[in-house]
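Peer 1: I would like the atomic coordinates for the input below:
(2 chains)
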Protein chains: 2
Amino acid sequence: MADSDSKLKSNSNVKRSEDFNEWYNQIVETADLCDKRYPVKGMNIWRPYGLKAMKNIDKLIHAEMEHTNHEEVMFPLLIPEGLFQKEADHIKGFGGEVYWVTHGGFNELDERLLLRPTSETAMYSIFPLWIRSHADLPLKTYQIVNTFRYETKMTRAFMRVREIHFFEAHTCHADFEDAEAQIKEDLDIMKSFFANLCMPYQANRRPDWDKFAGADYSIGIDCLMPSGRTLQMGSCHQYKTNFSKPYGITYEDVNGEQKFCHQTTYGMSERLLGGVIGMHSDDNGLMFPKLVAPIQVVIVPILFKGKEEPVLKACREVEAELSAAGIRVKFDERDITAGSKYYEWEQKGVCMRIEVGPRDVESGAVMTVRRDNRQKEVVKRAELVEQVNAILDAYDEVLWQCANGNLESNTHRANVIEAVEGKSGILELPWCGEEPCGLAVEERLDVSTLGIPTEEVAARIGGGEVCPVCGKPAVSWCRFARTY
Amino acid sequence: MADSDSKLKSNSNVKRSEDFNEWYNQIVETADLCDKRYPVKGMNIWRPYGLKAMKNIDKLIHAEMEHTNHEEVMFPLLIPEGLFQKEADHIKGFGGEVYWVTHGGFNELDERLLLRPTSETAMYSIFPLWIRSHADLPLKTYQIVNTFRYETKMTRAFMRVREIHFFEAHTCHADFEDAEAQIKEDLDIMKSFFANLCMPYQANRRPDWDKFAGADYSIGIDCLMPSGRTLQMGSCHQYKTNFSKPYGITYEDVNGEQKFCHQTTYGMSERLLGGVIGMHSDDNGLMFPKLVAPIQVVIVPILFKGKEEPVLKACREVEAELSAAGIRVKFDERDITAGSKYYEWEQKGVCMRIEVGPRDVESGAVMTVRRDNRQKEVVKRAELVEQVNAILDAYDEVLWQCANGNLESNTHRANVIEAVEGKSGILELPWCGEEPCGLAVEERLDVSTLGIPTEEVAARIGGGEVCPVCGKPAVSWCRFARTY
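Peer 2: Numbering: from 1, shown residues only, chains lettered A, B, ... in the order given. The predicted structure follows:
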């Protein structure tokens, strides 16, 4: 596959600092993450390097799910039309963007099947068979599968595609309170999960006009990209009994009464990778957080004629030692210049490199170079694993701080629209809670409504703020931004 | 989900020794592997326990692929009709069993899309972009994805389904010899992979009338089930240039000449799990090989009133110790009788159990009981991990021996049809190599042709054998069996 890279690279001349969106479109291919040349719009090919990064992210999701006692299942992709149409808002929300299977072989099917855009309607036809009494609750399941949406908007690798690598957790509870406790757990999961991606975020309760099709309310997880637009990296939803009623998901309570379950969902997707790419990068390419990086450390030998052998031997030893310590390491032995190796691995987001030359071998040390700031540090072979781990931690910390700095310095709170007009990033204004006022702000500032902050500190209001549109007392802050 | 189990279990009264096929249909649900009540024929739900077993099998596949330098990719599910139809035999073979997507949202698509039944036609449209010169060869890729076949035959969980959990390796080579070397590597992979499943098999070169659609030749991996029928557990295929020509997969050789690649594939599926279930089981339920078992060791406390605490403490210590040693262990603390725990975990194929009672605590030991033969052994706490690992190894060895005994004692070789008539299992007869003679044997014995043995010893012929149908000199042995 090496040759196709160079084909692609020749087109990659846009700088991230100059045109973020175009840079993004190019880097996903030049860094070997995906191939966009598959002949169906919005359906890309996962190349080995990109797939490894995604699977590392999946691993973090699996760990969170296991930790919180969710059980992994896998439901069929195809959903009969009749099942899909049981919940009215849901079909209204998704009806225009599903793919329909109408024929099997040479036969027209008796009932059309659709490719899941999300799995509520597949799962909720079966949950009644799995839940009989309160002893079966809570039911906490999840799956990582591909979903399909016939997107009409412009597609963009990982961010908006038509075949989506998708995570969805679905839970059933005895009552509203227990379902609310699940949403709280989801917010906790977010905290630890996004910390591993070095991604600060805001969890915003979406306004009613933008909630998930069928939800009572929705919380969106918004990350602010360096371009000044936010990217929704996931969401969780309180369904109350909106689905359990049409699908008949009931249980027998302690008094022998039949009751409807309360339900929640939590969804994320390959957008997580898109967000990581956009957030952690510079004009030289990507910077993968250490837990996402397919390669955390690359070893580059510095060779001089006649002195190759001790260097190559030291490289192999360093590789074996780091690998044994659970570090994802690659020894790059290719017969090209060290400089072109640096260039390539920097672009591909390897966290750090280790250079080994004849003098390093003599002094029993290696040279380490961090991807984020190119800081060099001599590390003694005897302290190798410990020092490499310390560098990886420090590197992750810088990624986090940098992203957090971007979020904080580009979140603008004000009492009047004029004060945030023309500002990029996340805009916070007092809000009366009424849809027309929210939409008026959207139109005036050319932004979308992210919704009400769920973080206690950011949410606190009560200093007599008024809605900047209608002048009535504000019931909350509300966030707005331009979004992907 | 506990309650649905008991609902299912009440129907499970067929013994494996009396009606293997019906027993199989029931155990996949009673052992919580899948739920067949999804309302689309042949599309089942993976339940957590079954999915864990499948993912353990996938892990073994990933390890083999990594070891042999195959790179994991993921291609889109949907294939445009035009791409699919480039190779004539392939479309002839699969045309009648693909699902067609005709609409996206409310629009009829310009070109119909099909759900991949296998990914040749998706991948081979892109390989020309990835391969330019001999330096890009061999290209060795694989993916684990879901594929779809509109089966007209009777479906059976894991063995014949319409949405298939599928593994497919696709390779491109400079010439026929290098592609043949890949097939040899595939045969080596089989050897180590199936050893981990404790599954002896035969690799048979299929007759031309049963080769894969588009292949030059196909090798099937056949396992003999206890029912006397064989199950094809996978296959690999030599394509020569049959696909590279219509798809234009060429490379520039060392002399600057454009040449067509030679290609191979290797496929397996969730049938692997079906085969493991069928092969390793008895009237008490499943026996998962240790590397497949979601739970390798279950700990059951033997409780007496007033003496619970030291026992529970010891159980937790044993759990922690085994878990730290990388053993998949479950401590079953449920408030039901020890006997019903034994029953359940035996049925679900846990390799061994550990019983801990007050006297065991006093003597610093535990009681181990193997799933295969219920052999009991007292193990000192000080030797716990070592002994448990030894028992798991011995258990796996018994599974292998038992399955191998079944294969050997039910493989019947003879020179004339009469000698194998009425025999169950795998029948080996001399063959002249002509299709009509093979078909005549099929009809006479009501069997299918598995093909020519690839194992050197089994393949050796030359003692003057003649085809039992036409009487001409035999060119090889040929295997026949009733198949799933």
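Peer 1: counting contacts, what elements does the helix or strand containing residue A:166 pack onto?
Peer 2: Secondary structure here is read from DSSP states H and E; on that basis residue A:166 sits in strand A:163-173. Strand A:163-173 sits against helix A:48-67, strand A:139-148, helix A:176-196, strand A:262-269, with contacts defined as 3 or more C-beta pairs under 8 Å, 6 or more residues apart in numbering or on different chains; DSSP states H and E. Every residue, glycine included, has its C-beta placed from N, CA and C.
Peer 1: For the first one, the averaged confidence score.
Peer 2: Same thing as helix A:48-67. Mean per-residue pLDDT for helix A:48-67: 98.
Peer 1: partners of the helix or strand following that helix, with directions?
Peer 2: Towards the C-terminus, the helix or strand next in line after helix A:48-67, according to DSSP H and E, is strand A:71-72. Within its sheet, and counting by DSSP bridges, strand A:71-72 is paired with strand A:139-148 (parallel).
Peer 1: Just the angle for the partner strand relative to strand A:262-269, thanks.
Peer 2: Put simply, strand A:139-148 runs at 40 degrees to strand A:262-269, going by axes from the mean of the first three to the mean of the last three C-alpha atoms, to 10 degrees.
Peer 1: Could I have the CA atoms of strand A:139-148 written out in PDB?
Peer 2: Written as PDB, here are the backbone C-alpha positions of strand A:139-148 (Å, rounded to 0.1, in the frame of the first residue of the first chain):
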ATOM      1  CA  LEU A 139     -31.600  -4.200  31.900                       C
ATOM      2  CA  LYS A 140     -28.400  -2.600  30.700                       C
ATOM      3  CA  THR A 141     -27.200  -3.600  27.200                       C
ATOM      4  CA  TYR A 142     -25.000  -2.100  24.500                       C
ATOM      5  CA  GLN A 143     -23.700  -2.900  21.100                       C
ATOM      6  CA  ILE A 144     -21.000  -1.600  18.700                       C
ATOM      7  CA  VAL A 145     -22.300  -2.100  15.100                       C
ATOM      8  CA  ASN A 146     -22.600  -0.300  11.800                       C
ATOM      9  CA  THR A 147     -25.700   1.900  11.200                       C
ATOM     10  CA  PHE A 148     -26.900   3.500   8.100                       C
END
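Peer 1: Give me the distance between residue A:406 and chain B.
Peer 2: To chain B, residue A:406 is 31 Å away according to C-beta to the nearest C-beta, to the nearest Å.
Peer 1: Tell me which helix or strand that residue sits in.
Peer 2: Short version, using DSSP H and E: residue A:406 is in helix A:384-409.
Peer 1: got the contact list for whatever helix or strand comes next after that helix?
Peer 2: Reading on from helix A:384-409 to the C-terminus, the next helix or strand found by DSSP H and E is strand A:411-413. Contacts to strand A:411-413, defined as C-beta atoms under 8 Å, 6 or more residues apart in numbering or on different chains, come from residues A:202, A:224, A:419, A:420, A:423, A:425, A:426, A:427, A:428, A:429, A:477.
Peer 1: what's the closest of those to chain B?
Peer 2: Using C-beta to the nearest C-beta, residue A:224 is the member of these that sits closest to chain B, with 29.3 Å.
Peer 1: Now that closest one. Its backbone dihedrals?
Peer 2: phi -90, psi 120 (degrees, to the nearest 10).
Peer 1: For it, name its beta-bridge partners.
Peer 2: Under DSSP bridges, the beta-bridge partners of residue A:224 are residue A:230.
Peer 1: so it makes contact with residue A:424?
Peer 2: No - using C-beta atoms under 8 Å, residue A:224 makes no contact with residue A:424, being 9.5 Å away.
Peer 1: anything in contact with each of these two?
Peer 2: With C-beta under 8 Å, 6+ apart as the test, residue A:224 and residue A:424 both reach residue A:410.
Peer 1: more crowded one of the two?
Peer 2: Relative neighbour count places residue A:224 above the other of residue A:224 and residue A:424, with 27 against 14, counting by other C-beta atoms under 10 Å in any protein chain shown.
Peer 1: so what's that one up against?
Peer 2: So residue A:224 contacts A:202, A:230, A:406, A:407, A:410, A:411, A:425, A:426, A:481 (C-beta under 8 Å, 6+ apart).
Peer 1: I'd like the distance between it and residue A:280.
Peer 2: Computed with C-beta to C-beta, to the nearest Å, the distance linking residue A:224 and residue A:280 is 13 Å.
Peer 1: again, but for residue A:93
Peer 2: Residue A:93 is 33 Å from residue A:280, by C-beta to C-beta.
Peer 1: That's all I had, so thanks and see you.
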